[in-house]
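Engineer: Build me a model from this:
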Amino acid sequence: MKLHSEVIFNRKKKDPAKETLYCLLAGIVIIGLIEELILFFILYSAAAALGILLGIWVSVINSVYIYRSLSRALELDEKDSVRAMRGPVLIRYCFMGIAVAVSLLYPKIFSPVGTILGLLSMKLSAYVQPFFFRKNYAKEDAQPILEEEEPPDIWGFGVFHTQQEDREENR
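Structural biologist: This is a model prediction of the structure:
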């Protein structure tokens, strides 16, 4: 299992994966703050605000962890990448479960509804992100491909064409 850390610590200016991560994180924070305002004014509760903050914090950590684990897995071959992704998925679910368990154990400090809404802000941000953060890397990075045109084969098969080229090279 060979792993290179060049992808994770890539310092390129135009790295689409990092820019997508930054946009996702910005969306999580913006959606979380909107949820924060709405739930705080409906319930007039500091526990709801702290619950959403706990959910946002876990969502941000999970997003960064997804980015890092996917970057590592993409460097591996197919068999090793499947094996390498099993652990991070379990860790992320356990981390979310711990956050919900903490909010259920201490509902006067962290509202469980707020925590779940904060956790769902990552999903909502992922769905809304393409509409607000539009980047088209295909247009920026596209370069024209110049292909040499081959003369048409009079027989309709490439086999005869290559045989004719072999004869010319042997002369």
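
Engineer: Tell me where the chain is predicted with low confidence.
Structural biologist: Scanning the chain for pLDDT under 70 picks out the ranges 1-14, 133-171.

Engineer: if you set the cut-off to 90 instead, what comes out?
Structural biologist: The chain contains residues with pLDDT under 90 at 1-52, 66-92, 107-115, 117-118, 120-171.

Engineer: all helices for it, in order.
Structural biologist: Shown for the chain, the helices assigned by DSSP state H span residues 16-43, 46-74, 78-105, 112-132, 137-141, 158-170.

Engineer: which helices and strands does the second one pack with?
Structural biologist: Under the contact definition 3 or more Cβ pairs under 8 Å, 6 or more residues apart in numbering; DSSP states H and E, helix 46-74 sits against helix 16-43, helix 78-105, helix 112-132. Quick note: C-beta positions are derived from backbone N, CA and C, even for glycine.

Engineer: buried sites along it?
Structural biologist: For helix 46-74, burial by neighbour count (16 or more other Cβ atoms under 10 Å) applies to 47-60, 62-63, 66-67, 69-73.

Engineer: before we move on, back to that, could I get the helices and strands packed on helix 46-74 in CSV, plus columns for mean neighbour count?
Structural biologist: Compiled in CSV, these are given as follows (neighbours: other Cβ atoms under 10 Å):
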stretch, mean neighbour count
helix 16-43, 16
helix 78-105, 14
helix 112-132, 18
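
Engineer: what residues are up against residue 61?
Structural biologist: Residue 61 sits next to residue 95 when contact means Cβ atoms under 8 Å, 6 or more residues apart in numbering.

Engineer: And it, how close does it get to residue 110?
Structural biologist: Separation of residue 61 from residue 110 (Cβ to Cβ, to the nearest Å) stands at 16 Å.

Engineer: Residue 104 reaches residue 111, doesn't it?
Structural biologist: No. Contact criterion Cβ atoms under 8 Å: residue 104 and residue 111 do not qualify, at 10.2 Å.

Engineer: Check the burial of residue 77 by counting its neighbours.
Structural biologist: If you count neighbours by other Cβ atoms under 10 Å, residue 77 ends up with 9.

Engineer: no wait, residue 76
Structural biologist: Neighbouring residues of residue 76 were enumerated by other Cβ under 10 Å; the total is 17.

Engineer: That concludes my questions; thank you for your assistance.
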